[in-house]
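In: I need the structure of the sequence given here:
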Amino acid sequence: MRHLKAGRKLGRTSAHRIALTRNLATALFEHGRIETTEAKAKEIRRWVERLVTVAKTDDLAARRRVARVVTREEVAVKLFTQYADRYRERPGGYTRIIRRGPRQGDGAPVVIMEMVE
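Out: The predicted structure is shown next:
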């Protein structure tokens, strides 16, 4: 039984899964929208929502917590300036997932994940 075991395994080792999550979250903050599979997008949404909420309180501890996940300095600065200001009054729901359909090669459900305006 998987009681209290949150998160998806995504068919990867834990180190690979953490690296994938960090890279996708960084790409989403950098570009504002990414195209990925549905399972990955739903897993990344958990991380991104928490990071934006942490970035709203702009202090040293928040910057260090974000730096553990966001891999590029300029993207972290963008998170604290652009996204934190944009969502200052919003209590949550910073991302949107739009279904595109199955992928040509393997039929995996592809989605577009974007930051809400």
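
In: Now do stretch 9-29, average pLDDT.
Out: In this model, stretch 9-29 carries a mean pLDDT of 96.

In: Give me the contact list for that stretch.
Out: 34, 36, 39-40, 43-44, 47-48, 51, 69-72, 75, 78-79, 83, 95, 113-115 (C-beta atoms under 8 Å, 6 or more residues apart in numbering). For glycine as for every other residue, the C-beta is placed from the backbone atoms N, C-alpha and C.

In: ok, now which ones touch the residue nearest to E38 when sequence neighbours are not counted?
Out: Nearest-residue entry for E38: P109, 4.3 Å, with adjacent residues in sequence omitted and distances by C-beta to C-beta, 6 or more residues apart in numbering. P109 makes contact with T37, E38, R99, G101, P102, R103, according to C-beta under 8 Å, 6+ apart.

In: Look up the closest residue to the fourth one, ignoring the ones flanking it.
Out: The shortest distance from G101 to any residue that is not its chain neighbour, by C-beta to C-beta, 6+ apart, is 6.5 Å, and that residue is V110.

In: Give me the three-state assignment for the one you found.
Out: Using DSSP: H, G, I helix; E, B strand; the rest coil, the structure places V110 in strand.

In: swap in the one 4 residues further on?
Out: When states are read from three-state DSSP, the local structure at E114 comes out as strand.

In: Just the ones in helices from the contacts of stretch 9-29, please.
Out: Per DSSP state H, helices hold the following members of the contacts of stretch 9-29: A39, K40, E43, I44, W47, V48, L51, V75, K78.
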